[in-house]
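1. mind folding the following:
(2 chains)
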Protein chains: 2
Amino acid sequence: MNQPATSASDRPRPAYSAWLGTSNSITQQFMAIGGMKDVVSLAGGLPAAEFYPVAEIAEASRKALERWGSAALEYGPIEGLPALREHIARRISLQAGRQFTAANVLLTVGAMQGLDLIGKVLVDPGELIVTQTPAYVGALDGWRPRQPRYEPLDWGNGSPEALAALRRAKFAYAVPNYSNPTGALVPTAARQALLDSVMETGTWLVEDDPYLPLQFDGEAGPSILALHGRMEPDGPYAGPVIYLGTLSKSIVPGMRVGWAIAEAGMIQTMALAKQSSDIASSMLTQAVALELLESGIEETHVPRIVAEYRHRRDVLCASAARHLGEWFEWETPPGGMFVWMKARDGAIDTDALYQAALREKVAFVPGSVFDPAGLDRTAMRVNFTRSSPEIIEEGCRRLAAAVRRYLAER
Amino acid sequence: MNQPATSASDRPRPAYSAWLGTSNSITQQFMAIGGMKDVVSLAGGLPAAEFYPVAEIAEASRKALERWGSAALEYGPIEGLPALREHIARRISLQAGRQFTAANVLLTVGAMQGLDLIGKVLVDPGELIVTQTPAYVGALDGWRPRQPRYEPLDWGNGSPEALAALRRAKFAYAVPNYSNPTGALVPTAARQALLDSVMETGTWLVEDDPYLPLQFDGEAGPSILALHGRMEPDGPYAGPVIYLGTLSKSIVPGMRVGWAIAEAGMIQTMALAKQSSDIASSMLTQAVALELLESGIEETHVPRIVAEYRHRRDVLCASAARHLGEWFEWETPPGGMFVWMKARDGAIDTDALYQAALREKVAFVPGSVFDPAGLDRTAMRVNFTRSSPEIIEEGCRRLAAAVRRYLAER
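-> Got it, this is the predicted structure:
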């Protein structure tokens, strides 16, 4: 990464920044693979495109421009379209059981930009993030330019070591609902224990909640933001939770509309960081998102995709049991987008398996990219939302062929 | 900036990142002022909203969703909608007189994100940027989280000192066309001299060109990218220029569609950095932008706004000559959005004048924010594109009242 090309006539150019020496292009690779017709991609965290509400979005676009006119085509406010901030504040107030206002809401380019801004606002090189491990690769990517250190998050026992880690950290990072990559649902008691630890040690807590709408078996637990709301229901929100949400999983990713909820000072500081990233998000997509939310689209659309995703999860788990059960084990995720398959034989290296899989024209995400240290090669993340049941089954057959090829060649 | 609020029940939280201690919220302030009905804002770099082509954008939105369907609602590719990358590549090939391909194009959230990504990709703390001075405040904001040092850019004489500065720098930053904040047009000979120096010393050259469409008197010079194209017309582009463009000034800012043009390795590296900022830009706004460009909207729309902006510039300069000429002097800018007014009396402090101006309900941008050192308080940037001629005249009257108030009170 540190040898830029130069043209014939001029001198070698300066090197890239240091963090690029440690980066990976895995997401870029997956998005490229997604465009290859003959590869079965069980890699990305993508919704099923055939369910995207195209007609509803066309209608929402028409209405948004009729309603807002040139105001939907302006720069900022940096913090986002005020009416959408208010809508999100009302929604989160209902979910969390305490009042939030627009001052607690920053609209972002997906939840991903929220992660980037938190890194910009809180992390200087070498500082500590305590993270749920394995951790969302996008979060690790987002923070890499800030060059943090990591320690694993201990959810619940409040041990002296866990408290000491939180005390040293700039923030804790958690995905309590159907985590990426594991699909795990964290029990309410563990959420409360983490919140108590964070309150005791005085750190920030980033609660990343993109998968909340994708509940297959039973309900998601209360958010940590809601647990804190119950403890301090009155006055302007002043707690330690920075909550991230998005429309990318429940409606479509391509509008790039997400939000951060936090105490007002943190929101203003994140807005200052956002100004230096992109001045402001598109008012047009925010105005379209507002129309969609006000139309109640989620009430009809989300149950429809949840039913289909539940079926696809079941197809994946059943097919994997037939084709991959000899080598991998997993827990059936109660929601989300992924099954986290762990090798029964610790000698299986999923980085190497990934290369064999590409030759069999199937892709997954090797577990190492979710390890802050990049070392754990014993698992793989398999997506079940993007592909049809038939393609998922074909993908499992190819994965089995890839395992056989890998075992034969290693 | 380094004392986050905390709720009653928990401990003080960790401090914000170091760079926030040096940041300013001037853009945030201006965008807020823009929403105050009784303040005449000559501050922001905003187009005239009454000319936004709302109906054309509504039609383009309809067509884009009809043409692309769910593909306009997907994540990425990170690099942007391929058809729009190709369109921009053809456009820049015509402008620069050598061939560029989609591999040379990264679509960004306005040109601002291009600046942010260049900082992420090239700057580690303490490294040197050589910049045209005074410099665009957004660029300084964008690079602040990377904590660079600055030295001023010497355009043309190729002195040993200037070459030594370039040799030490990660990149040079220039706005040759109607610069922000000065409105200056850099002569072609100076552009060529800078290019020659950059080729000799081996650094990157960031050419930021948002104001290209806003030509009032005569034409903009050839871009530095085009000058380099003439020197090396064949083969894949491998030169040192990173060129930034945008639709924010020629059509509307609120779609947030801009682009970077560079050699393919730099584009891939900036894409990697973009992935860690926001995964990808909105496909929807990119698809709408493509419809607008293919419809040839700029051929009718740009001449219309240019005629009006030329008139507004003339109104501002005439009114300022009457009301402010006693205290300020300026060159009439041949394009762009701003007049850079320098105090005749070096004892006028435009930071202090700004406070007096707010009390007179008029806003400009104090020159200090365009100085990398934040010290030069002898000038102010005045915008003429956003406000009607009547409002511009009223703004000049209020500015004169503010100067009198300032002189009386200091």
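
2. next, count neighbours for the residue nearest to A:R62 when sequence neighbours are not counted.
-> What sits nearest to A:R62 in space, not counting adjacent residues and going by C-beta to C-beta, 6 or more residues apart in numbering or on different chains, is B:A58, at 6.3 Å. Quick note: C-beta positions are derived from backbone N, CA and C, even for glycine. Residues lying near B:A58 (other C-beta atoms under 10 Å in any protein chain shown) number 19.

3. got it, and A:W259?
-> Neighbours of A:W259 using other C-beta under 10 Å come to 27.

4. can I take it that it is in a strand?
-> Yes. Under DSSP: H, G, I helix; E, B strand; the rest coil, A:W259 sits within a strand.

5. I'd say it and A:L244 touch.
-> Yes. In this structure, A:W259 is within contact of A:L244 by C-beta atoms under 8 Å, at 7.3 Å.

6. identify the contacts common to these two.
-> By C-beta atoms under 8 Å, 6 or more residues apart in numbering or on different chains, A:W259 and A:L244 have these common neighbours: A:108, A:111, A:114.

7. from B:G229, how far off is the first one?
-> According to C-beta to C-beta, to the nearest Å, A:T108 and B:G229 sit 37 Å apart.

8. ok, those two, which is more surrounded?
-> A:T108 (29 against 22).

9. where does the more buried one land on pLDDT?
-> In this model, A:T108 is scored at 98, pLDDT.

10. so it makes contact with A:G142?
-> No. Counting by C-beta under 8 Å, A:G142 is not a contact partner of A:T108; they are 11.5 Å apart.

11. A:T246 touches A:A111, doesn't it?
-> Yes. With contact defined as C-beta under 8 Å, A:T246 reaches A:A111; the gap is 4.1 Å.

12. need the residues touching each of the two.
-> A:210, A:258-259.

13. ok, which stretches of the stretch 101-250 of chain A are helices?
-> Under the criterion DSSP state H, counting those that start in this stretch, the stretch 101-250 of chain A carries helices at the ranges A:110-122, A:137-143, A:160-168, A:188-201, A:224-231.

14. mind putting those helices into CSV with distance to A:T285?
-> CSV is the format used below for the helices of the stretch 101-250 of chain A (distance: least, C-beta to C-beta, whole Å):
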stretch, distance to A:T285
helix A:110-122, 11
helix A:137-143, 20
helix A:160-168, 36
helix A:188-201, 32
helix A:224-231, 25
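
15. now render these as a markdown table, adding distance to chain B.
-> Converted to a markdown table, the helices of the stretch 101-250 of chain A look like this (distance: least, C-beta to the nearest C-beta, whole Å):
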| stretch | distance to chain B |
| --- | --- |
| helix A:110-122 | 5 |
| helix A:137-143 | 4 |
| helix A:160-168 | 9 |
| helix A:188-201 | 4 |
| helix A:224-231 | 7 |
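
16. closest to B:L324 out of the ones you listed?
-> helix A:110-122 (39.0 Å; C-beta to C-beta).

17. quick check, the residue in the stretch 201-350 of chain A closest to chain B?
-> Nearest to chain B, among the residues of the stretch 201-350 of chain A, is A:G202, at 2.6 Å (C-beta to the nearest C-beta).

18. quick check: that residue touching B:A15?
-> No. The criterion here is C-beta under 8 Å, and A:G202 misses it with B:A15 at 11.4 Å.

19. ok so, going back, find the one among the helices of the stretch 101-250 of chain A with the highest mean neighbour count.
-> Among these, the stretch with the highest mean neighbour count (mean count of other C-beta atoms under 10 Å in any protein chain shown) is helix A:110-122, at a mean of 28.

20. against which helices or strands is that helix packed?
-> In terms of contacts (3 or more C-beta pairs under 8 Å, 6 or more residues apart in numbering or on different chains; DSSP states H and E), helix A:110-122 is packed against strand A:105-108, helix A:137-143, strand A:169-174, strand A:204-208, strand A:241-246, strand A:258-261, helix A:264-278, helix B:264-278.

21. how far is that helix from where the chain is centred?
-> Using C-alpha atoms, centre = their mean, to the nearest Å, the distance from the centre of helix A:110-122 to the centre of the chain it belongs to is 12 Å.

22. could you check the angle strand A:204-208 makes with it?
-> Angle of helix A:110-122 versus strand A:204-208, following axes from the mean of the first three to the mean of the last three C-alpha atoms, to 10 degrees, is 170 degrees.

23. between helix A:110-122 and strand A:169-174, how many degrees?
-> Helix A:110-122 and strand A:169-174 are oriented at 160 degrees to each other (the same axes, to 10 degrees).

24. can you show me the CA trace of helix A:110-122 as PDB?
-> The C-alpha trace of helix A:110-122 is given here as PDB (Å, rounded to 0.1, in the frame of the first residue of the first chain):
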ATOM      1  CA  GLY A 110     -25.800   5.000   7.100                       C
ATOM      2  CA  ALA A 111     -24.800   3.900  10.600                       C
ATOM      3  CA  MET A 112     -21.300   3.400   9.100                       C
ATOM      4  CA  GLN A 113     -20.600   7.200   9.100                       C
ATOM      5  CA  GLY A 114     -21.700   7.200  12.800                       C
ATOM      6  CA  LEU A 115     -18.900   4.800  13.500                       C
ATOM      7  CA  ASP A 116     -16.400   6.800  11.600                       C
ATOM      8  CA  LEU A 117     -17.500  10.000  13.400                       C
ATOM      9  CA  ILE A 118     -17.200   8.400  16.800                       C
ATOM     10  CA  GLY A 119     -13.600   7.400  15.900                       C
ATOM     11  CA  LYS A 120     -12.800  10.900  14.800                       C
ATOM     12  CA  VAL A 121     -14.400  12.500  17.900                       C
ATOM     13  CA  LEU A 122     -13.000  10.100  20.600                       C
END
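
25. where does pLDDT dip in the stretch 251-400 of chain A?
-> Counting by pLDDT under 70, the stretch 251-400 of chain A shows no low-confidence range.

26. contact residues of it facing chain B?
-> A:252-256, A:263-266, A:269, A:271-273, A:275-285, A:288 (C-beta under 8 Å from any C-beta of the partner chain).

27. how does it look with 10 Å?
-> Within the stretch 251-400 of chain A, the positions adjacent to chain B are A:251-258, A:263-266, A:268-269, A:271-288 by C-beta under 10 Å from any C-beta of the partner chain.

28. give me the number of residues near whichever residue of the stretch 301-410 of chain A sits closest to chain B?
-> Per C-beta to the nearest C-beta, A:R386 is where the stretch 301-410 of chain A lies closest to chain B, at 10.5 Å. Number of residues near A:R386 (other C-beta under 10 Å) recorded here: 22.
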